[in-house]
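Q: Just to be clear, the model below is a prediction. Sequence and coordinates:
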Protein chains: 2
Amino acid sequence: MRKPWAGLGLDLHLELSAGPGVRAGLEDALREAVRSGRLPPGTRLPSSRALAADLGLARGTVSQTYEQLVAEGYLTSRPGSGTCVAVLPGPVPEPARAEPVTRPPRRAGSESLETIGFDLRPGLPDLSSFPRAGWLAATRRVLGSAPNAAFGYGPWQGHLELRETLAEYLGRARGVVTTPERVVVCAGFGQALAQVGMVLHHEDARVVGVEEPFLPEYVRDLRRAGFGVRPIPVDDEGLRVAELAATPADAMLVTPAHQYPLGVTLSPRRRADLVAWADRTGGLIIEDDYDGEFRYDRQPVGALQGLHPDRIIYGGTTSKSLAPGLRLAWLALPARHADALRALGADADPAVSVIDQLVLADLIRSGELDRHLRRARLRYRRRRDRVATALAADLPDLRLSGIAAGLQTVILLPEDGPSEAEVVASVNGRGVAIDGVSGYYASPGRSPRGLVLGYATPAEHGFEPALRALVTALIPLYR
Amino acid sequence: MRKPWAGLGLDLHLELSAGPGVRAGLEDALREAVRSGRLPPGTRLPSSRALAADLGLARGTVSQTYEQLVAEGYLTSRPGSGTCVAVLPGPVPEPARAEPVTRPPRRAGSESLETIGFDLRPGLPDLSSFPRAGWLAATRRVLGSAPNAAFGYGPWQGHLELRETLAEYLGRARGVVTTPERVVVCAGFGQALAQVGMVLHHEDARVVGVEEPFLPEYVRDLRRAGFGVRPIPVDDEGLRVAELAATPADAMLVTPAHQYPLGVTLSPRRRADLVAWADRTGGLIIEDDYDGEFRYDRQPVGALQGLHPDRIIYGGTTSKSLAPGLRLAWLALPARHADALRALGADADPAVSVIDQLVLADLIRSGELDRHLRRARLRYRRRRDRVATALAADLPDLRLSGIAAGLQTVILLPEDGPSEAEVVASVNGRGVAIDGVSGYYASPGRSPRGLVLGYATPAEHGFEPALRALVTALIPLYR
């Protein structure tokens, strides 16, 4: 049903359907109203009880919606002053389509499997769950229907059909505000980062901030591309934006939904601070939304990009949602950067097979990707819960870092126990491959003691034995 | 049957099978004997009659073999002095496998189809003949058999299975001497050229020679990569190596099998000169074997690379043999350059989907690619013949440049007729898209008048009407 919403004294029109769609629709309407300026900054919203009554919705639906938008930075909430519209950096052009946000961030790594007993290193989804039958069926549909011309060189930024599909999907699933003209299909996140580097050079950016801890490969790639790199510390609220502001960084590479590898989420306050930093300094934000589809405890937080699409370059990939071997990634860029890339790469060939592009578009449009993600989310959630339960039962001094999301967590080790290197060696000695977290820091002195646990890496049948082997290896160290 | 060859006073052992394989086997044995130094430079070979009698072969088989190896630069032949072993740059390590050479070069372009009446611009194969059913069947086999680990990040230079298959295929089909460790799988020839650029920078190369006429995109890419570019003229024997030697070029990008776009073949003498240039100056040769699978008048000339695998970087793609939309290409590099690339790109992710890599490997191993190429060769050969016949019948003042090979030719226009621009405008006015050749020259003053005719571009049913429209447009200009 379509009904006008008068509850906010605004002329909001929403497509409302039964079930969870109601909440998503409400969220989206509010998000859009904030973005467009129809709800000006500082506007105090009605109480959740009043708005629920007004709209004929359950109160819980409205209060969850408010919480979600506070987490995403569209609203603010302080005890005693109710819920207000946050200060966003000016009205933003409407997206091609605006649809309900559904989920949060993902990550590229470059670990590869070796034949060891158990592999709990991060960077990989469960490769045994790759939807082979779904991929084959989509390939059959694509090869049966694609026009001959699709097999030619094609546009440098990717086939229009995939870009249209991605623009719609990213809007719906991640709250990304973009259009097909601003989407670029890339051969993996590494190539995406190389394209970002071209944009940064074009804008005379010289120094890029990265969160510490970080993926070492990205720092290496940024340095190779000629940038100075400044590690900025991360705490329980995510990136410490105040420390970023004290550096000469022209751009900031950030994983807001699920920090890699710690797994913390950028807090609403820090989201606002980071966007304000970009606005004040003219800095660029590069959002690496590497595992955005995976959050287990609540509805995912939408992409940071939606808060300021004009200063945030959004990047995503299928490396965690499907498989890294596909080498499929994308950018959603501010219009001027898409234009700059177009000019810099004029006539350049695209990097990704048109068959793969059309297969991905088919998987998204047919709902197959959503079905796959629902299954994967359940599986990974169970695994993370099992890790937590096992530690609580046998290793009460150890705790997990970050939120219930993504494909990895960090097991924080007591500072008065054995050193990280000793623990890693001992665990490896039991046939379990695992990383220490200190390797993700520029200065190991700033690192906590911890193990980065990639709980998605084993195949389903191998997870429980791998966890058992890990726990068995740790117990003698913490008794 | 396996039999020792005593005919040359050498201990040659050959795998000889019935049919055309006998000649291929003889060719390969001679090639290998020359490369390894077992037949020293200057050695005079027995007459074709004597060797044929010795081996129990038809004389034609031996004389065709000699001709082939003269064309490839392994042997020399002068009236009155018989056939001798050419001077090659020292013994070369044996390839992983040496098998009969079968065919010559291909080319990347970046033309795209538009909805005009007829499209005769070069750069595309007949996209309507892409083997969709074969690709799908191979995808089914790959998805049914690939191990889970294949869907991870994988080695930066490509999946071992494809590299093994390519090393064998390039040896058999193009006479390329390489090993899987020296093959790098790339996302299209553009990315391959970018990797070559990294190697050249690593070797402190600054100036790259290109054949004139050339593909403008390559010159642009080389300049963007920071290289000076020197156009070197091409004549009926291909690249004028003497003019190259007068430049400070550190490397030379060349299309020996079928010059793009003129279609001439690098003559045996020039092949030897070019290799000698590399040896004398330490220069690098980059062989762009863009349409090597397509030769119609005789057996293809093997890749230049086999003459000096230590100074020649070989590049190929599926853009002409299958379709550009696949974005699949490869390099076969000298060992030190493969090592350098490995070091420069250590840990970098590969650029091509593992599914596509394994599908291509399957198409090659199953013989499907060979069958597709046989069909395509027949079709393109008929088309080129039809162009020649039509011109001879209706436009006797016009002639075709180059050899009966590849996917394009140049229609040379009389210098005393209308200007090239007038002819192009007139043909375009009849709804036929076609390029003038002068756009492929750095100095249009050095260009002949001509039309680059991409006769592979139309679908099969559209070729004859396109040719008719072209001829009809040209007749009034040359009557």
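A: Ah, there it is. Numbers count the residues shown, from 1 in each chain, chains lettered A, B, ... in the order given.
Q: all helices of the stretch 201-350 of chain A, in order?
A: A:216-224, A:241-245, A:268-281, A:335-344 (DSSP state H, counting those that start in this stretch).
Q: and the stretch 201-350 of chain A, which residues reach chain B?
A: A:217, A:220-221, A:319, A:323-328, A:347-350 (C-beta under 8 Å from any C-beta of the partner chain). For the C-beta atoms, the positions are set from N, CA and C on the backbone; glycine is no exception.
Q: if we can go back for a sec, I'd like to know which of the helices of the stretch 201-350 of chain A is closest to B:Tyr74.
A: helix A:216-224 (41.5 Å; C-beta to C-beta).
Q: elements contacting that closest one?
A: helix A:188-202, strand A:207-212, strand A:228-235 (3 or more C-beta pairs under 8 Å, 6 or more residues apart in numbering or on different chains; DSSP states H and E).
Q: mind listing what's buried in that helix?
A: Across helix A:216-224, burial judged by 16 or more other C-beta atoms under 10 Å in any protein chain shown covers A:Glu217, A:Tyr218, A:Val219, A:Asp221, A:Leu222.
Q: State the pair within those that is farthest apart.
A: Among these, A:Glu217 and A:Leu222 lie farthest apart (C-beta to C-beta), at 9.7 Å.
Q: Please name the nearest non-neighbouring residue to A:Thr43.
A: Distances taken as C-beta to C-beta, 6 or more residues apart in numbering or on different chains put A:Val85 closest to A:Thr43, at 4.4 Å, once the chain neighbours are dropped.
Q: quick one: low-confidence parts of the stretch 101-250 of chain A?
A: A:101-116 (pLDDT under 70).
Q: For chain B, give me its nearest residue in the stretch 151-300 of chain A.
A: A:Phe151 (3.9 Å; C-beta to the nearest C-beta).
Q: Run a quick neighbour tally on that residue.
A: 24 (other C-beta atoms under 10 Å in any protein chain shown).
Q: I'd assumed B:Gly325 was in contact with it.
A: Yes. A:Phe151 lies in contact with B:Gly325 (C-beta atoms under 8 Å); the separation is 4.1 Å.
Q: what do those two both touch?
A: A:Val354, B:Leu127 (C-beta atoms under 8 Å, 6 or more residues apart in numbering or on different chains).
Q: who's in contact with A:Thr318?
A: Counting by C-beta under 8 Å, 6+ apart, A:Thr318 has contacts A:Leu326, A:Leu328, A:Ala329, A:Leu360.
Q: now swap in A:Thr409 and tell me
A: A:Thr409 neighbours (C-beta under 8 Å, 6+ apart): A:Gly263, A:Arg384, A:Val387, A:Leu400, A:Ser401, A:Gly402, A:Val452, A:Leu453, A:Tyr455.
Q: just checking, it is part of a strand?
A: Yes. Looking at A:Thr409 with DSSP: H, G, I helix; E, B strand; the rest coil, it is inside a strand.
Q: Tell me what it is bridged to.
A: Taking DSSP bridges as the rule, A:Thr409 bridges to A:Leu453.
Q: what's the average pLDDT for stretch A:319-332?
A: What stretch A:319-332 shows for mean pLDDT is 97.
Q: A:Ala146: what's its closest spatial neighbour, skipping adjacent residues?
A: A:Leu358 (5.8 Å).
Q: circling back: which pair in the residues of the stretch 201-350 of chain A next to chain B spans the largest distance?
A: A:Ala323 and A:Asp347 (31.1 Å).
Q: These two: who's more crowded?
A: Using other C-beta under 10 Å as the criterion, A:Ala323 and A:Asp347 rank with A:Ala323 on top: 27 against 13.
Q: and the closest residue to the more buried one other than its chain neighbours, what does it touch?
A: The shortest distance from A:Ala323 to any non-neighbouring residue, by C-beta to C-beta, 6+ apart, is to B:Phe151 (3.9 Å). Counting by C-beta under 8 Å, 6+ apart, B:Phe151 touches A:Leu127, A:Phe130, A:Ala323, A:Pro324, A:Gly325, A:Leu326, B:Val354.
Q: Out of these, which comes closest to A:Gly226?
A: A:Pro324 (26.2 Å).
Q: Please list all residues in contact with the closest one.
A: A:Ala108, A:Gly123, A:Leu124, A:Pro125, A:Gly188, B:Phe151, B:Gly152, B:Tyr153, B:Gly154, B:Asp349.
Q: Tell me the spacing between it and A:Leu120.
A: As judged by C-beta to C-beta, to the nearest Å, A:Pro324 and A:Leu120 stand 17 Å apart.
Q: which helix in chain A runs the most residues?
A: helix A:368-394 (DSSP state H).
Q: What's the local residue count around the closest residue to A:Ala303 other than its chain neighbours?
A: For A:Ala303, ignoring the flanking residues on the chain, the nearest one in space by C-beta to C-beta, 6+ apart is A:Arg174 at 4.4 Å. A count of nearby residues for A:Arg174, using other C-beta under 10 Å, gives 28.
Q: May I see the contacts of B:Phe151 arranged in a markdown table, with distance to A:Val210 as well?
A: As requested, the contacts of B:Phe151 are exported to a markdown table (distance: C-beta to C-beta, whole Å):
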| residue | distance to A:Val210 |
| --- | --- |
| A:Leu127 | 28 |
| A:Phe130 | 30 |
| A:Ala323 | 26 |
| A:Pro324 | 21 |
| A:Gly325 | 26 |
| A:Leu326 | 25 |
| B:Val354 | 28 |
